[in-house]
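Peer 1: Sequence first, predicted model second:
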Amino acid sequence: MKIIIYQVMTRLFGNRCLNRKENGTLAENGCGKMSFFNASVLRRIRKLGATHVWYTGVIRHANKTDYSAYGIPRQHPAVVKGNAGSPYAITDYYDVDPDLADDVDKRMAEFERLVARTHRAGMKVVIDFVPNHVARQYESVAKPEGVRDLGEDDDTGMGFSPRNNFYYCVGVPFEPHFNLDDGKGSPYSEFPAKATGNDRFDSHPGVNDWYETVKLNYGVDYCDAGGRSQHFDPVPDTWQKMAAILKFWAGKGVDGFRCDMAEMVPVEFWRWAIGKVKAAHPGLLFVGEVYNPALYRSYVAAGFDYLYDKVGMYDCLCGVMRGESPASAITWQWQAVDDIRDRMLYFLENHDEVRLASDFMAGDARRGIPALAVSALMYKNPFMLYAGQELGERGMDKEGFSGRDGRTTIFDYWTVPALYNGYVDRKKLSQEQKALEKTYTKVLNVAATEKVVCDGLFFDLMYANNGSEGFNPDRHYAFMRKCGNEAMLVVANFSDTEAECEVRIPAHAFDYLGFPETTVEAKDLLSDDKPMAMELKADCCVKIVVKGYSCRAYKFIV
């Protein structure tokens with residue numbers, strides 16, 4: 001079965017408060033809870049085709065809500081982004097975000113029940129592992145007995161030591177290029193200053209830096225006069241602590257980790273840690289956020305199951321959807337990583353990127369349909385979608401800290417319109433949203449269950465169709481799949497007008513895929529159309545009518 005990951009920003013999903021006040025507090029705007037993911041909601045997600053749910057923002061992170069009555073330390077507002085805070089500024093690796101709990105004192109038990117419900121619904125659980133940085137005021141109150149806290153044993157008189165968990169600006173206070181006051185005359189104080197999460201090793205980060213975080217020390221001296229020197233023997237203390245954290249969550253029943261900014265952590269750590277954690281928990285999934293293609297193969301070799309294909313396939317498909325790149329450019333992107341193609345995770349949206357339907361991307365969710373089909377059907381590798389994508393969420397709200405940027409906020413308390421309509425009050429769904437959801441459901445279920453997609457060979461037809469009058473390589477993309485005696489012909493139309501595509505199938509396709517010249521009965525799995533007779537002859541064309549912003553996936557037996 002092909003992996004289909006459904007990412008949810010847990011605090012936004014299922015929020016039923018409709019106040020939607022800009023920069024609103026938890027009391028004003030409400031928050032989604034883990035309990036919202038009941039059997040009915042999880043069945044709906046599973047029906048969409050999802051095999052995994054990535055619950056984003058589960059681990060406790062910095063926010064401005066006061067939970068001190070529950071023994072949770074308050075965070076200084078000057079080093080928190082937005083009222084709800086960034087889920088990537090972790091304050092306790094062993095704790096659950098209290099915002100997500102109905103009973104704050106029982107938040108871990110509520111998470112454990114969420115994991116169990118997800119498993120009963122036939123899906124696996126993925127959570128974030130944020131290894132590169134933590135919140136400036138990190139303090140674990142939930143760590144197991146005997147565990148030493150990050151930084152607890154650091155020598156703050158050393159800028160770098162392989163025994164330290166953090167990097168320090170020795171003898172210098174934290175003095176960023178912005179106001180540290182909380183509005184009540186109590187400025188944030190940090191001495192000595194710690195290095196900032198985005199590899200800022202001085203005490204003066206700017207407003208565009210990851211100023212709310214501090215960099216973790218994995219034994220790399222970034223400020224060595226001779227260049228970056230590595231100190232991995234003996235094994236750095238941070239390595240031991242982070243491996244223990246991974247094992248802790250795996251012990252809670254988590255099936256996989258999406259590893260934030262994995263490339264900012266040395267590959268040697270991953271090779272060591274993934275091996276140890278998988279030995280204790282076989283089958284655990286590791287997805288790495290790696291943006292530098294030159295590093296892909298080293299991180300795969302270190303044990304990552306899948307890596308983001310962002311600067312390749314994602315960026316390419318965005319260009320095709322906007323009409324800035326030809327559809328034929330897709331071929332070059334898969335060829336660039338052909339040796340590790342089954343390890344690349346395809347996606348069209350996530351919490352970092354703008355929404356497809358936003359004014360900053362395509363402006364119309366329908367324009368993403370051909371890109372969806374190509375991404376989900378062309379290889380065996382996983383596909384990920386972001387909650388609300390299947391309902392055409394535009395991300396054009398001005399929620400607060402993030403502003404109106406075409407993204408769904410990760411910093412604010414908010415209710416996302418499409419998610420509210422889709423999972424709280426489905427009577428509010430428009431006909432366009434229902435049609436889009438139906439299309440996503442068809443495509444993703446074909447991707448997840450059809451053997452020809454999950455296990456089949458792939459043959460790109462673009463080289464044979466560049467000069468055809470009946471095929472426009474700028475707007476059309478075609479390929480074939482085959483597994484056993486089952487085959488599939490996929491034709492995507494990235495233009496807004498219906499096209500009668502004449503798709504040439506070269507003799508090499510017959511040889512490589514191993515099927516004869518014949519006439520077959522072909523059924524489009526993405527529509528309700530009746531099967532059609534399709535004559536397959538080497539170097540001859542098959543005529544396929546494809547509506548604008550649409551795709552055909554004809555399956556047949558050979």
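Peer 2: Thanks, I have the structure now. In this text the structure is predicted, and so the values were computed from the model without any measurement.

Peer 1: Spatially central residue (nearest the centroid) of this protein, please.
Peer 2: N350 (5.0 Å; Cα atoms, centre = their mean).

Peer 1: Now that residue, what are its backbone angles?
Peer 2: Backbone torsions of N350, given as degrees, to the nearest 10, read phi -160, psi -170.

Peer 1: quick one: it and F383 touch, right?
Peer 2: No: counting by Cβ atoms under 8 Å, N350 stays clear of F383, with 11.7 Å between them. Where C-beta positions appear, they are placed from N, C-alpha and C, glycine not excepted.

Peer 1: tell me what the one helix or strand R552 maps to is packed against?
Peer 2: Element membership for R552 (DSSP states H and E) is strand 550-557. Judged by 3 or more Cβ pairs under 8 Å, 6 or more residues apart in numbering; DSSP states H and E, strand 550-557 is in contact with helix 369-377, helix 431-449, strand 486-493, strand 518-524, strand 532-536, strand 540-546.

Peer 1: For G388, which of those is the nearest?
Peer 2: helix 431-449 (10.1 Å; Cβ to Cβ).

Peer 1: Buried residues, that closest one. List them.
Peer 2: Across helix 431-449, burial judged by 16 or more other Cβ atoms under 10 Å covers Q433, L436, E437, T439, Y440, K442, V443, L444, N445, V446, A447, A448.

Peer 1: For the second one, give its distance to R200.
Peer 2: Yep, that's L436 we're talking about. 41 Å (Cβ to Cβ, to the nearest Å).

Peer 1: The last one now?
Peer 2: The span separating A448 from R200 equals 42 Å under the rule Cβ to Cβ.

Peer 1: Please apply the same query to the first one.
Peer 2: Relative to R200, Q433 is positioned 42 Å away (Cβ to Cβ).

Peer 1: hmm, back to that, would you reformat the helices and strands packed on strand 550-557 as CSV and include distance to P77 and mean pLDDT?
Peer 2: Below are these laid out as CSV (distance: least, Cβ to Cβ, whole Å; pLDDT from 0 to 100):
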stretch, distance to P77, mean pLDDT
helix 369-377, 40, 98
helix 431-449, 37, 98
strand 486-493, 48, 98
strand 518-524, 55, 97
strand 532-536, 63, 96
strand 540-546, 53, 96
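
Peer 1: TSV please, covering the ones you listed and showing distance to L18.
Peer 2: Output for the helices and strands packed on strand 550-557, formatted as TSV (distance: least, Cβ to Cβ, whole Å):
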stretch	distance to L18
helix 369-377	29
helix 431-449	18
strand 486-493	38
strand 518-524	40
strand 532-536	47
strand 540-546	40
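
Peer 1: Can you list phi and psi of S328 for me?
Peer 2: The phi/psi pair for S328 (degrees, to the nearest 10) is phi -60, psi -20.

Peer 1: cool, and M34?
Peer 2: Per degrees, to the nearest 10, the backbone of M34 is at phi -60, psi -30.

Peer 1: How confident was the prediction at it?
Peer 2: Note on M34: pLDDT of 98.

Peer 1: Okay, now the unreliable bits of the stretch 51-200 of the chain?
Peer 2: For the stretch 51-200 of the chain, the stretches with pLDDT under 70 are 182, 185.

Peer 1: Could I get the contacting residues of T409?
Peer 2: L12, G82, D397, E399, G400, F401, S402 (Cβ atoms under 8 Å, 6 or more residues apart in numbering).

Peer 1: quick one: which of those residues has the most company?
Peer 2: With neighbours defined as other Cβ atoms under 10 Å, the most crowded of these is E399; it has 29 neighbours.
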